[in-house]
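# quick one, what's the 3D model for this:
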Amino acid sequence: MYNLNKTILIEEDDTDTTTVIPGARSYDKYMSTYANVYVRSGVTNYSNDETFSFTTEFTIRYNKKSNKINNKFRIKYNDQYYRIIEIFEIETRHLLKIISVRKDYI
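Residues are numbered from 1 along each chain as shown. Coordinates of the predicted model:
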């Protein structure tokens, strides 16, 4: 079973799609919830700059509010931001598993 013992914050992208500055995003707090956090993998990419990518799974309870989460949201955990890649249900209407990526630049 999953230990939902870590607090995460899910933020919703409220950026106007007609913004003049591309890439300028703004997020609002959507919900705070308990989650199981599992770091699946870490990868280092070498190019012009060194990039570390971490794939992390967040498992949260399914409810009316969490059901609306999609890839336009992001997760804040331990003062780090995670971009949502994929979301799927575990046990129908019981849990959601969110696959996300966090990147660090050196």
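# what about the residue nearest to residue 70 when sequence neighbours are not counted, distance to residue 6?
Leaving aside its sequence neighbours, residue 70 sits nearest to residue 87 (C-beta to C-beta, 6 or more residues apart in numbering; 6.9 Å). Every C-beta, even on glycine, is put in place using the N, C-alpha and C of the backbone. Per C-beta to C-beta, to the nearest Å, residue 87 is found 18 Å from residue 6.
# between those two, which one's more packed in?
Under the criterion of other C-beta atoms under 10 Å, the comparison of residue 87 against residue 6 puts residue 87 first, with 18 against 14.
# what's opposite that one in the beta bridge?
Taking DSSP bridges as the rule, residue 87 bridges to residue 98.
# so it sits right up against residue 68, yeah?
No - with contact defined as C-beta atoms under 8 Å, residue 87 does not reach residue 68; the gap is 10.4 Å.
# right, I'll leave it there.
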